[in-house]
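> can you look at this prediction? I've put the sequence above it.
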Amino acid sequence: MKAFTYERAQSVEQAAAAVARKPGAKFLAGGTNLLDLMKLQIETPTHLVDVQDLKLDRIEETPEGGLRIGALVRNTALASDMRVRRDYGVLTRAIVAGASGQLRNKATTAGNLLQRTRCPYFYDTNQPCNKRQPGSGCGAIGGVSRQLGVIGVSDACIATYPGDMAVALRLLDAHVETVDPQGAQRSIPIGEFHRLWGDTPHIETSLKRGELITAVTLPRPIGGRHLYHKVRDRASYAFALVSVAAVFQPDGSGRVAFGGVAPRPWRVEAAEEALPRGAEAVTAQVFAEARPTADNRFKLQLATRTLAGVLAEARS
Amino acid sequence: MDSGDAFGFSRRGVLIGGSAAGAVLVNAGPVQAAPATGDVPTIMPVSLEVNGKRHDLRLDTRTTLLDALREHLKLTGTKKGCDHGQCGACTVMVNGERINSCLSLALQHQGDKVTTIEGLGTPDKLHPMQAAFIEHDGFQCGYCTPGQICSAVAVLGEIKRGVPSHLQEDIVAAPAASNHELRERMSGNICRCGAYSNIMEAMLQVSGESA
């Protein structure tokens, strides 16, 4: 790990200003991903602003009938909240499908959104990686790419956003609330939060420098049956090859989003009308623009089959 | 053999001592926010309550909770396996919840209550989970065992508190401590010897006792 200075911010404004002021500064929440990357010197912050004292660890009901989840709510606490389990079950299911119990106890809502890709070429500092070192090239293209993206990828980078929680948030039309160093607040639709990075894969979100996530908001519950299926190389504690988050209504309509396939949770709303016609009708539209490699072409069929499994469970 | 002396003169101990001494020269005065650039370490104070005892430490900001426990407090029961949160050997409980101590800075734990394997039981008075691991042969080489036991104790607490898991069909319902549930919940603890089935037996016994 490279040396760094450390402070514990006492207010949201102070935290945002501290990161904006110092080049090389970063926010520290749970740290489960950041510290891992710092040990490998993939992340080399010179200053850490610990945000744990900002009292952003509550889940509150909004005037609109939804929920406002503080940025520092731990994954376990979010998954365990009875309002989430009852009204946003796909979110609980997605969270408990990810990581391990130890990590979920430490990882935060905002940190989960900001976790970096697990592309092996991003992690191996001997390899070129446009995300880690802009302009150095992409070792994954033409390399071992079984785990990597099949859609929304670019000639510069074929990594995926690896998480599960955000796939459910995308399905639920969540918003990400932030404060910038000038104190301005904004609410970013989750679909616009993670970028399709094109030729700038090192810029992964729409956050500006020093902009701090304060909360994630969920709209009113939409009812229906909530499912999350995750296919991976072992039964637990592994990243998704493909995951499917879905909510089905009694009339046969529904929503579906995919994880493990793209730089961000992948949802094509227009394709959801095809749900009553079966999995293939949906994925034909969702993955119409797919650009798989020879290694990960199987993900397209796997996505269809995983969705078919979800549909079968929904009808059972 | 006096292991304390051997430990004190280890290469790692000398290195840590050396870097700390260097930092004190650079960072004379208040510990807060010295302009550390490049590889100049910053030393900061932190207080931890470990197994009921308060410790006031001055640590390089880079020190993980795991290294603080092992290298500074000499509580070497907690093990360093992968050092990347993948194996669970470093599992300890912080304020009652299990975490990977390798993926947490000691500074993040100012004032926190840390429980390590040394705080769960003693050779004379074993924690029920320690006794059950012995009874059911829940280990072979023993390296992952402190992490397994800390995790196992915490898992039973999580089930009692109703924390849901990936295996539950009905996520609103209260979870139960079945073999499969325990396997899912213990997936963050790897055992290279493959003692898993016996670990499950030990956990099932303790969960039955405490039910």
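Thanks, I have it.

> for the nearest residue to residue A:115 once chain neighbours are set aside, what are its contacts?
The spatially closest residue to residue A:115, leaving aside those adjacent along the chain, is residue A:33, at 4.5 Å (CB to CB, 6 or more residues apart in numbering or on different chains). No exception for glycine: its C-beta is placed from N, CA and C like everyone else's. When contacts are counted by CB atoms under 8 Å, 6 or more residues apart in numbering or on different chains, residue A:33 touches A:107, A:111, A:114-116.

> tell me which of those is nearest to chain B?
Nearest to chain B among the contacts of residue A:33, counting by CB to the nearest CB, is residue A:107 at 9.3 Å.

> so what does that closest one look like in phi/psi?
phi -70, psi 140 (degrees, to the nearest 10).

> show me chain B divided up by domain.
As assigned by automatic domain parsing, chain B contains the domains B:47-85+B:99-115, B:120-211.

> so which of those domains is the most packed in?
domain B:47-85+B:99-115 (a mean of 20; mean count of other CB atoms under 10 Å in any protein chain shown).

> quote the end-to-end distance of that one.
Across its full length, domain B:47-85+B:99-115 reaches 14 Å between end residues, using CA to CA, to the nearest Å.

> on that earlier part again, now the contacts of residue A:33 in a markdown table, with neighbour count, secondary structure and pLDDT?
Shown next, in a markdown table, are these (neighbours: other CB atoms under 10 Å in any protein chain shown; DSSP: H, G, I helix; E, B strand; the rest coil; pLDDT from 0 to 100):
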| residue | neighbour count | secondary structure | pLDDT |
| --- | --- | --- | --- |
| A:107 | 29 | coil | 98 |
| A:111 | 23 | helix | 98 |
| A:114 | 21 | coil | 98 |
| A:115 | 22 | coil | 98 |
| A:116 | 19 | coil | 98 |
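
> buried residues in stretch A:50-67?
A:50-52, A:54, A:56-57, A:59, A:66-67 (16 or more other CB atoms under 10 Å in any protein chain shown).

> nearest to residue A:265 among the contacts of residue A:33?
Comparing these against residue A:265 with CB to CB places residue A:115 closest, at 12.6 Å.

> start and end of stretch A:116-127, how far apart?
17 Å.

> how far off centre is it?
17 Å (CA atoms, centre = their mean, to the nearest Å).

> follow-up on the earlier one: and the residue nearest to residue A:115, what's its pLDDT?
Here the pLDDT value assigned to residue A:33 is 98.

> quick one: the helices in the stretch 51-200 of chain A?
Ranges of helices in the stretch 51-200 of chain A, per DSSP state H, counting those that start in this stretch, are A:75-80, A:82-87, A:89-96, A:101-106, A:109-113, A:120-123, A:165-171, A:190-193.

> so which residue of chain B comes closest to chain A?
For chain B, CB to the nearest CB, closest residue to chain A: residue B:188, 2.5 Å.

> how many neighbours does residue A:234 have?
7 (other CB atoms under 10 Å in any protein chain shown).

> and it, backbone torsions?
Dihedral angles (degrees, to the nearest 10) for residue A:234: phi -140, psi 170.

> for it, report the pLDDT, please.
At residue A:234, the model reports a pLDDT of 95.

> where exactly do the strands run in the chain?
I'll assume chain A. Using DSSP state E, the strands of chain A run over residues A:5-8, A:25-28, A:47-50, A:59-61, A:67-70, A:175-179, A:185-189, A:212-218, A:225-231, A:242-248, A:254-259.

> ah, no, chain B please
B:43-50, B:53-60, B:91-94, B:97-100, B:113-115.

> so which elements touch the shortest one?
What that stands for is strand B:113-115. Packing partners of strand B:113-115 (3 or more CB pairs under 8 Å, 6 or more residues apart in numbering or on different chains; DSSP states H and E): strand B:43-50, strand B:91-94.

> which among those strands is found nearest to residue A:96?
Once those are compared by CB to CB, strand B:91-94 is nearest, at 18.1 Å.

> what packs against that closest one?
Under the contact definition 3+ CB pairs under 8 Å, 6+ apart, strand B:91-94 sits against helix B:65-67, strand B:97-100, strand B:113-115, helix B:145-161.

> mind checking how far it is from the chain centre?
4 Å.

> would you format the helices of the stretch 51-200 of chain A as CSV with distance to residue A:239 included?
Below are these laid out as CSV (distance: least, CB to CB, whole Å):
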stretch, distance to residue A:239
helix A:75-80, 15
helix A:82-87, 22
helix A:89-96, 13
helix A:101-106, 12
helix A:109-113, 13
helix A:120-123, 11
helix A:165-171, 12
helix A:190-193, 20
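
> show me what residue A:255 is bridged to.
Beta-bridge partners of residue A:255, counted by DSSP bridges, are residue A:247.

> which residues touch it?
Residue A:255 touches A:171, A:222, A:246-247, A:267, A:269, A:272, counting by CB under 8 Å, 6+ apart.

> now the phi/psi pair for the residue nearest to residue A:115, please.
Torsion angles, degrees, to the nearest 10, at residue A:33: phi -90, psi -40.

> how near is it to residue A:290?
27 Å (CB to CB, to the nearest Å).

> picking that back up, Throw the helices and strands packed on strand B:113-115 into a markdown table and include distance to residue A:20 and mean pLDDT, thanks.
Below are the helices and strands packed on strand B:113-115 laid out as a markdown table (distance: least, CB to CB, whole Å; pLDDT from 0 to 100):
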| stretch | distance to residue A:20 | mean pLDDT |
| --- | --- | --- |
| strand B:43-50 | 22 | 98 |
| strand B:91-94 | 30 | 98 |
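
> which one of these lies nearest to residue A:120?
Residue A:120 lies closest, by CB to CB, to one member of these: strand B:91-94, at 25.6 Å.

> isn't residue A:97 right up against residue A:244?
No - under the criterion of CB atoms under 8 Å, residue A:97 makes no contact with residue A:244, lying 10.8 Å away.

> how about the strands of chain A in CSV, adding mean pLDDT?
As requested, the strands of chain A are exported to CSV (pLDDT from 0 to 100):
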stretch, mean pLDDT
strand A:5-8, 98
strand A:25-28, 98
strand A:47-50, 98
strand A:59-61, 98
strand A:67-70, 98
strand A:175-179, 98
strand A:185-189, 98
strand A:212-218, 98
strand A:225-231, 98
strand A:242-248, 98
strand A:254-259, 98
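
> redo these as CSV? Include distance to residue B:91.
What follows is the strands of chain A, written out as CSV (distance: least, CB to CB, whole Å):
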stretch, distance to residue B:91
strand A:5-8, 24
strand A:25-28, 21
strand A:47-50, 22
strand A:59-61, 26
strand A:67-70, 26
strand A:175-179, 31
strand A:185-189, 35
strand A:212-218, 28
strand A:225-231, 23
strand A:242-248, 26
strand A:254-259, 27
